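Trainee: Have a look; sequence and predicted model below, questions after that.
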Amino acid sequence: MTASAIALVGNPNVGKSVLFHRLTGAYVNVSNYPGTTVEVARATARFDAAVDLIDTPGVLTLPARSDDERATMRALLHEPLRAVIQVGDAKNLRRTLTLTALLAELGVPAVLALNMHDEAGARGVTVDAQALSSALGIPVIPTVATGGEGMAQLTRSLADARAMLPLLHYDTDTEAAISDLANRISLHAPHPRLNARGLAILYLGQDSEVEAWLSEAAGENGADLVSARAAAQAKGVLPAALAHERGEAASTLTSRVTARTEQASPLLAHRIGQLIIHRFWAWPILLGVLFALYEFVGVFGAGTLVGLMENDLFGNILNPVVTAFVREHIGVVWMADLLVGEYGLWTMGMTYALALILPIVTTFFIIFGLLEDSGYFARLSVLANRLFKLIGLNGRAVLPMVLGLGCVTMSTLTTRILHSPRERLITIFLMALAIPCSAQLGVVLGLLGGISFTATLIWAASMVGVLLLAGFLAAKIIPGRRIPLVTEMPPIRLPLFGNVAKKTVGRIKWYLIEVIPLFLLGTLIMFLLNQFGALPAIIRAGEPLVSGWLGLPPEASAAFVMGFLRRDFGATGLFALSHQLSPIQAVVGMVTITLFVPCIASVMMIVKEQGWKIAAAMIAFIVPFAFLIGGLLNHLLRAVWL
Amino acid sequence: MSTHDHKARVPLAFLLPGARAEVDALDDAIDPTQREQIIAYGLAPGRPLIVLQQHPMTLVMIDEVELALEDSVARLVWVTRK
């Protein structure tokens, strides 16, 4: 932590992360849906090496209610902030100013970046930045972060950052309660940077981070604050009313500084956006998107590209050369085997990682980035809502699940955008069970796509069926109430090539850093098991289950051993066996390995987010359940398919 | 303005696509946290809106914000037709 920091704060999906990239050069993931950033990111500012710039998750409401909002509140409370850059959406000034009203109460020196003013212009909305600046008493800079517009002015304006003029006064009773609490806070728990008045308002609003900070700072005087708040609540000072009054003040100021020209016809983007969630057209569009995904990742990535890499590059060129070189220079047979044998670090570990997984994840991340930035994913939550109702969730949970198709580890973190602990628990559990990550998905599509579309369809239907069944049961068992869906649709945008490319490269890098060590470790374990004769024993021991119950060849046991390390490693193991598998065996094998334990990294993430006990309980359920479903499917398919 | 000054409050879920209305009140039956969020999204008493569609969810436009609400919530948002 340096002595001085500047935080980017704002509503969700207003472009904070793009601005962060512009001002620091550091790239954090940027997408067109609210909740891309769930943790704070930090980097040195380009304009001043002594300043740390902090990117925070978007806040819809302060007082904070969800985990990502709490992360932002923590940054405001704990970071040595010199100033705040509030990033606002110019076409949605009312919401921007509702947050401004609260930041003004906290007394942090601020500047306002009025971002996306090009989009506002396209919608006939113009904001008088000068008038807004004099009303707030701080610099207001129109920006287009994606195009770099306004960056120099914004950086310069930081020298003029100052505490804002208040946007409103609450009614008399509320004001009395606020100043009473503020006096007590100044006395018992003064904050080094934030005004007691702002803290009092957040404390009245039951912000859990402010509660925690005050209770620690006030020590034994904390009880005094608790009783003062209870007294205020008894007099009818309620958080909702405070938020409402801030909204009203924001509305008033918005109307004063905004001019609107009526648009002759709705924007094309609006029409496309509505078509995507149209009661009829939504479904052919969804099928089209899924088909494109299948063609690009399953057929082109896992078929054509993997073929080129695995057979032509690795099989015919690299591996023979490396093998010959190693055998020639290393006389000790087991050492040469360790590198280039059947379970060799190069011939298995690196070949799996680079020839099989790399083309698959690359194609997947490209199409994924395009869909993210277009605004399509956010609309999926509307389409999925009815289905998710069955499993005690609302459509918002579709976002982490779709992201889970990229990487379950990262998306486990993304569940922070969900509003209740119950929703998070159910979603994390279902992702650990039935959502395959990109690498695994690619392997599945590659193997089953090579057999028939029907095989792929049976696999997909089994996954959806299991997801719904397990979700239905989880929703019954886990106590709590379902929260109905209310969500904003981000604008439909043409994805920017540069951003999709940057995101794809970043994700591939991250992926390889995670994958290669684990693939090598997995290969080493397989090598040792084989070397000491344990592998045949495991294959024998697993035979009743793997051959008897699942109907797979005995060698498939090895794939399940590999699956403990990473599901995709296991799936790749089955992929390598594919010439020995009948269509039924391929489907059963892929269904079982998809449901099977998630990778080590995602288990660690579940432990981090939910604790050891819950993670252990999930694994204890998932492993036998995967074999149960696989076996049932095997017997069902044999009964009806043959 | 004519004789129709006193219009009934109806649930948002009842309006047809294309209808213009003003939010009158959010029912107390809405979960308090969700209520805060709905207000933060801009669906607050006194605010004008346009209904864009009702299936599969209620979709409304408030200024430049497109907001989707599940039927059970749209049923609890009281509006006056304009």
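Mentor: Received, thanks.

Trainee: buried stuff in the lengthiest helix in chain B?
Mentor: Using DSSP state H, we find that the single longest helix of chain B is helix B:32-41. Across helix B:32-41, burial judged by 16 or more other CB atoms under 10 Å in any protein chain shown covers B:33-41. Using the backbone N, CA and C atoms, a C-beta is placed for each residue, glycine as well.

Trainee: That one packs against which elements?
Mentor: helix A:93-106, helix A:239-257, strand A:486-489, strand B:20-26, strand B:65-69 (3 or more CB pairs under 8 Å, 6 or more residues apart in numbering or on different chains; DSSP states H and E).

Trainee: Now do stretch A:435-443: distance to the chain's middle.
Mentor: A distance of 16 Å separates the centroid of the chain from that of stretch A:435-443, by CA atoms, centre = their mean, to the nearest Å.

Trainee: any low-confidence regions in the chain?
Mentor: All of this is about chain A. Counting by pLDDT under 70, chain A contains low-confidence residues at A:1-3, A:29-36, A:264-265, A:642.

Trainee: Chain B was what I was after
Mentor: B:1-6.

Trainee: separation between the residue most central in space within it and A:Thr347?
Mentor: The structure's chain B has its C-alpha centroid closest to B:Leu12; by CA atoms, centre = their mean the separation is 4.4 Å. As defined by CB to CB, to the nearest Å, B:Leu12 lies at a distance of 63 Å from A:Thr347.

Trainee: cool, A:Thr261 as well?
Mentor: The value you get for A:Thr261 to A:Thr347, if CB to CB is used, is 66 Å.

Trainee: Also B:Ile30?
Mentor: Counting by CB to CB, the gap from B:Ile30 to A:Thr347 is 61 Å.

Trainee: what's the answer for A:Ile600, then?
Mentor: On the measure of CB to CB, A:Ile600 and A:Thr347 end up 23 Å apart.

Trainee: Who has more neighbours out of these two?
Mentor: A:Thr347 (21 against 16; other CB atoms under 10 Å in any protein chain shown).

Trainee: can I assume that one sits in a helix?
Mentor: Yes - secondary structure of A:Thr347 (DSSP: H, G, I helix; E, B strand; the rest coil): part of a helix.

Trainee: Show me which residues of chain A are close to chain B?
Mentor: A:60-61, A:65, A:91-92, A:94-95, A:98, A:120, A:123, A:125, A:239-240, A:243-244, A:247-248, A:251, A:270, A:273-274, A:277-279, A:282, A:381-383, A:385-386, A:394, A:419, A:481, A:483-489 (CB under 8 Å from any CB of the partner chain).

Trainee: Just the buried ones out of these, please.
Mentor: A:60-61, A:65, A:91-92, A:94-95, A:98, A:120, A:123, A:125, A:239, A:243-244, A:247-248, A:251, A:270, A:273-274, A:277-278, A:282, A:381-383, A:385, A:394, A:419, A:483-489.

Trainee: give the contact list for A:Leu53.
Mentor: A:5-8, A:20, A:23-24, A:42-45 (CB atoms under 8 Å, 6 or more residues apart in numbering or on different chains).

Trainee: Quick one: name the residues of chain B near chain A.
Mentor: Within reach of chain A by CB under 8 Å from any CB, chain B has these residues: B:31-42, B:44-47, B:52-53, B:55-57, B:59, B:63-70, B:72-73.

Trainee: which residues does the residue nearest to the spatial centre of chain A contact?
Mentor: Of all residues in chain A, the one closest to the mean position by CA atoms, centre = their mean is A:Thr414, 3.4 Å from it. By CB under 8 Å, 6+ apart, the contact list for A:Thr414 reads A:35, A:38, A:399-400, A:403.

Trainee: Give me the phi and psi angles of it.
Mentor: phi -70, psi -20 (degrees, to the nearest 10).

Trainee: Now do the contacts for the residue lying closest to it once chain neighbours are set aside.
Mentor: What sits nearest to A:Thr414 in space, not counting adjacent residues and going by CB to CB, 6 or more residues apart in numbering or on different chains, is A:Pro400, at 4.4 Å. The neighbours of A:Pro400, taking CB under 8 Å, 6+ apart as the test, are A:411-412, A:414-415, A:417-418, A:427, A:431.

Trainee: Quickly find the element holding A:Pro400.
Mentor: helix A:398-404 (DSSP states H and E).

Trainee: What are the structural domain limits within chain A?
Mentor: Using automatic domain parsing, the domain parsing of chain A gives A:5-160, A:172-257, A:283-482+A:498-641.

Trainee: Same list, those domains, but as JSON lines with distance to A:Pro266 please.
Mentor: Formatted as JSON lines, the domains of chain A follow (distance: least, CB to CB, whole Å):
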{"stretch": "domain A:5-160", "distance to A:Pro266": "10"}
{"stretch": "domain A:172-257", "distance to A:Pro266": "22"}
{"stretch": "domain A:283-482+A:498-641", "distance to A:Pro266": "15"}
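
Trainee: which of those sits most buried?
Mentor: Of the domains of chain A, the one with the most neighbours on average (mean count of other CB atoms under 10 Å in any protein chain shown) is domain A:5-160, at a mean of 21.

Trainee: so how far is the first residue of it from its last?
Mentor: Length of domain A:5-160, first residue to last, CA to CA, to the nearest Å: 15 Å.

Trainee: out of everything not next to it in sequence, what's closest to residue 54?
Mentor: By default, I'm working from chain A. A:Ala7 (4.4 Å).

Trainee: Can you look at chain B instead?
Mentor: Nearest to B:Gln54 is B:Pro17, by CB to CB, 6+ apart, at 6.3 Å.

Trainee: Repeat that for A:Gly273.
Mentor: Excluding the flanking residues, the one nearest A:Gly273 by CB to CB, 6+ apart is A:Ile492, at 4.4 Å.

Trainee: Repeat that for A:Ala269.
Mentor: A:Ile492 (4.2 Å).

Trainee: Contacts only, for the one you found.
Mentor: Contacts of A:Ile492 (CB under 8 Å, 6+ apart): A:269-270, A:272-273, A:276, A:374-376.

Trainee: for it, helix, strand, or coil?
Mentor: coil.

Trainee: hang on, B:Gln37 packs against A:Val486?
Mentor: Yes - using CB atoms under 8 Å, B:Gln37 is in contact with A:Val486, at 6.5 Å.

Trainee: For the closest residue to A:Arg246 other than its chain neighbours, list the residues it contacts.
Mentor: Distance criterion CB to CB, 6+ apart; nearest residue to A:Arg246, sequence neighbours excluded, is A:Ala101 at 4.3 Å. Taking CB under 8 Å, 6+ apart, we find A:Ala101 in contact with A:166-168, A:246, A:249-250.

Trainee: which other helices and strands contact the longest strand along chain A?
Mentor: Counting residues, the longest strand found in chain A (DSSP state E) is strand A:81-89. When contacts are defined as 3+ CB pairs under 8 Å, 6+ apart, strand A:81-89 sits against strand A:5-10, helix A:16-24, helix A:93-106, strand A:110-115.

Trainee: can these go into CSV with extra columns for distance to A:Arg74?
Mentor: Output for the helices and strands packed on strand A:81-89, formatted as CSV (distance: least, CB to CB, whole Å):
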stretch, distance to A:Arg74
strand A:5-10, 11
helix A:16-24, 16
helix A:93-106, 14
strand A:110-115, 18
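
Trainee: Out of the ones you listed, flag the one nearest A:Leu390.
Mentor: Among the helices and strands packed on strand A:81-89, the nearest to A:Leu390 by CB to CB is helix A:93-106 (32.3 Å).

Trainee: roughly how far out does that closest one sit from the chain middle?
Mentor: Worked out by CA atoms, centre = their mean, helix A:93-106 lies 26 Å from the chain centre.

Trainee: Now stretch B:42-57: buried residues?
Mentor: B:42-45, B:47, B:49-54, B:56-57.

Trainee: Export only the CA atoms of it, formatted as CSV.
Mentor: The C-alpha coordinates for stretch B:42-57 follow below in CSV (Å, rounded to 0.1, in the frame of the first residue of the first chain):
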residue,chain,number,x,y,z
GLY,B,42,-34.8,4.3,-11.6
LEU,B,43,-38.2,2.7,-11.1
ALA,B,44,-39.2,5.1,-8.4
PRO,B,45,-42.5,6.8,-7.6
GLY,B,46,-43.2,9.7,-9.9
ARG,B,47,-41.0,8.5,-12.7
PRO,B,48,-42.4,8.0,-16.3
LEU,B,49,-41.9,4.8,-18.1
ILE,B,50,-42.7,3.1,-21.4
VAL,B,51,-43.6,-0.6,-21.5
LEU,B,52,-41.6,-2.4,-24.2
GLN,B,53,-42.8,-6.0,-23.8
GLN,B,54,-44.5,-8.3,-21.3
HIS,B,55,-43.2,-11.7,-22.2
PRO,B,56,-41.1,-13.6,-21.2
MET,B,57,-40.6,-10.8,-18.6
